[in-house]
Each structure stands twice: as structure tokens, then as C-alpha cells.
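> Need a 3D model of the following:
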Amino acid sequence: MPAHILSIGEAMVELAPAGAGLLRAGYAGDTFNTAWYAKRLLGAGAHVAYGSVIGTDRISQDFTDFVSAQGIDTSTLRNHPERTMGLYMIALHNGERSFSYWRGQSAARTLADDVDWLTQMCTGRDYIHLSGITLAILAPDARTRLFTALAHARAAGSVIVFDTNQRPRLWESHHIMCDTLHRAALVADIVLPSFDEESQSFGDTSPMATIDRYRAFGPKAVIVKNGADPVQAWTTTTGSITHAPQHTPPVDSTAAGDSFGAAIIAGLVRGQPWDRILMDACTLAAQVISHSGALVPQIFTEDTI
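Here you go, the predicted model:
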């Protein structure tokens, strides 16, 4: 039987420069990117669903059609009658990208408002993936409802994969962000922090300090991403383990961490040893940053992992 994977969060409409003052519309979002890469890696070996709330308008329907065309289950997309998808626009200046966001009324902010729908969505999943952005867009009581649903799913056998993915501007305060990330770690089996963010937010002096802090909350594995530097990990089965990625000059770092997380999930589904999982995750992330854009289908027609 294929593994059942659910990724929960917010997908947004992306407007990117297309030349001559024109903009090209697409879709992006950290947890959606992870779902997309997981499906590409596992194919028929996994049933991948994306859990979110979108609108009832044309752009929301177009997104649903796009997700379905990627082989991703859309039955876990709920339609909000009064809201729609968030939007962001990319601006380029001397080769550097900057972003403007319109997401205050994003339908995805209501993804934990309907307890029955949320519980049903999380039931029967082998793996459930979420991120710090998933939590940041929710109201405080909605975060609690999501944690309760995840705890019930975990008790029933789901593996919870949490990418801390910090966006401080989305949070009410620094204190609330840090406290909520630790609450998420309490219901997670796999925690995927990034050292640059953790050192800024928590004052960690090394990746091992990040591992030790998250280990205290009881996960089975903590894997610290660190840009071009070695990935430092700890698991209950291997203890400490390190993998040094091959140096790859980045073209576009978008979705590096999202694809990394997808490869971690794919490796777990395949039952691979942790050293192979880390190697494959680093390899995929390197391939992704060698191309422009968040979703890079062309790498799956090349010599991929």
C-alpha cells in the first residue's frame, strides 16, 4: 500500500517578472513545495495530499486544477465562501529579489477553524508535514486546535514532520514565535530547523546546541540545515550524524529547505538508513538551487536521486 502523506499550510499566488513590464502568475508556498517534491520523488509509492483553505473564485479553482494535475490529492482543500488565496509579488533589482505580500485575509488563515474537518483531514496519514509559516498565519486558539489534532494523529501512528521555517514578521511577537515553535516540537517526531534562523532567534552557538534544545521536547530526530555547511543531525537510532553537502553555487535558493524536507520524508517512506536519507536530501536541494524558481520539474528528467 502506498504511504499517505499530508502537507498542511498556505499556498499563495505568485506574480513574477516576465519581461517588458509584464508579470507571470504561478503558485508557491513552503508546505506546498514540499508536497510537490515528495510526490515527484515517490510517484505511485505515495498518496500525497495538500491541506489548506482557498476561496471559491476563479484563481482558487485554477490552483485546485494545478494541484490535481501534479498528482496531488485536492480533497483536503476546503473552500471559504468569503476569502481567497494570499498573493505576493516578486521585484528584481540588480539581480536581487524582494517581495511584497497581500495575505491578511488569506483563506488559509482559517485552516484550523473547523475542528471536525481538521480532525478528519489528519486521520489515517502516515506522515503529516507542517512548518513555522503554517503556525504563524493562525490565530492563537487555532494553533492550539491544530496541535490537538496533530497529537491525536501522532497517537494513532502518524509521523509528524515539522520544519521550523521562521518568518518573524508574520508573528505577533518574538516571544510568541519562540514559544509556539517549542510547542510544535512537543508533538513532532522529526524537527527540521535551519541554524541561521535558530541562532538569531534562540542564540544557539552551534548546530549541536540547536539539536540539544529540540531534543528536550522528545522528537525522534532533529536535522539542522546549515546552508552550504554540513548538515548536523541526531536520531534516536543513530545518535549524532553529519553529512557535508557538495558545494553548489546557487542560482536561486527558493525551495531549498522545502525540497530537503520532501527528500527526508521520501527516504523514511522508502525505509532508507539515515546516512542515505541525508545524502539524498542534500543532493536534491543542490539540484533545486541550481535552477530558478521553487518548482523545478526538469531535474526529474536528469540524473536525480
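> Please work out how many residues are found near Ser173.
9 (other CB atoms under 10 Å). C-beta coordinates here come from the backbone N, C-alpha and C atoms, glycine included.
> And the one 10 residues further on, by the same measure?
As a burial measure, the neighbour count of Arg183 was computed by other CB under 10 Å and equals 15.
> Likewise for Val288?
Val288 has 29 nearby residues by other CB under 10 Å.
> residues contacting it?
37, 254-256, 259, 296, 299 (CB atoms under 8 Å, 6 or more residues apart in numbering).
> Lowest-confidence one in these?
pLDDT is lowest at Thr254 among those; the value there is 81.
> does that residue count as helix, strand or coil?
Assigned by DSSP: H, G, I helix; E, B strand; the rest coil, the conformation of Thr254 is coil.
> Pretty sure it sits against His291.
No - using CB atoms under 8 Å as the test, Thr254 is too far from His291 to be in contact (9.5 Å).
> More neighbours: those two, which one.
Thr254 (23 against 17).
> For this protein, give me the ranges with low pLDDT.
Low-confidence segments of the chain (pLDDT under 70): 93-97, 302-305.
> what's the farthest-apart pair in the contacts of Val288?
Maximum pairwise distance among these (CB to CB): 13.6 Å, between Thr254 and Ile299.
> Chain neighbours aside, what residue packs nearest to Ser106?
Leaving aside its sequence neighbours, Ser106 sits nearest to Gly86 (CB to CB, 6 or more residues apart in numbering; 3.7 Å).
> Name the nearest residue to Ile223, sequence neighbours excluded.
Leaving out its chain neighbours, Ile223 is closest to Ala233 (CB to CB, 6+ apart), at 4.3 Å.
> Pull up the distance across stretch 203-210, start to finish.
Stretch 203-210 has an end-to-end distance of 9 Å (CA to CA, to the nearest Å).
> Please list the outside residues in contact with that stretch.
Here stretch 203-210 has contacts from 193, 195, 198-199, 202, 213, 222, 224, 226, 232, 240, using CB under 8 Å, 6+ apart.
> Show me what counts as buried in it.
Across stretch 203-210, burial judged by 16 or more other CB atoms under 10 Å covers 204, 207-210.
> if we can go back for a sec, residues contacting the residue nearest to Ile223?
211, 221-224, 240-243, 274, 278.
> Show me which of these are buried.
Of those, these count as buried by 16+ other CB under 10 Å: 211, 221-224, 241, 243, 274, 278.
> would you put the C-alpha positions of stretch 227-245 in PDB?
Provided in PDB are the C-alpha atoms of stretch 227-245 (Å, rounded to 0.1, in the frame of the first residue of the first chain):
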ATOM      1  CA  GLY A 227      23.300  26.400   4.100                       C
ATOM      2  CA  ALA A 228      26.400  25.200   2.300                       C
ATOM      3  CA  ASP A 229      27.900  23.900   5.600                       C
ATOM      4  CA  PRO A 230      27.500  20.300   6.900                       C
ATOM      5  CA  VAL A 231      24.000  19.100   7.900                       C
ATOM      6  CA  GLN A 232      24.100  18.100  11.600                       C
ATOM      7  CA  ALA A 233      21.600  15.500  12.700                       C
ATOM      8  CA  TRP A 234      20.600  13.400  15.700                       C
ATOM      9  CA  THR A 235      18.200  10.500  15.700                       C
ATOM     10  CA  THR A 236      17.200   8.000  18.400                       C
ATOM     11  CA  THR A 237      18.600   5.200  16.300                       C
ATOM     12  CA  THR A 238      22.000   6.700  15.100                       C
ATOM     13  CA  GLY A 239      22.900   9.300  17.700                       C
ATOM     14  CA  SER A 240      24.800  12.200  16.100                       C
ATOM     15  CA  ILE A 241      25.400  12.100  12.400                       C
ATOM     16  CA  THR A 242      26.900  14.600   9.900                       C
ATOM     17  CA  HIS A 243      26.700  15.000   6.200                       C
ATOM     18  CA  ALA A 244      28.800  17.500   4.200                       C
ATOM     19  CA  PRO A 245      27.000  18.600   1.100                       C
END
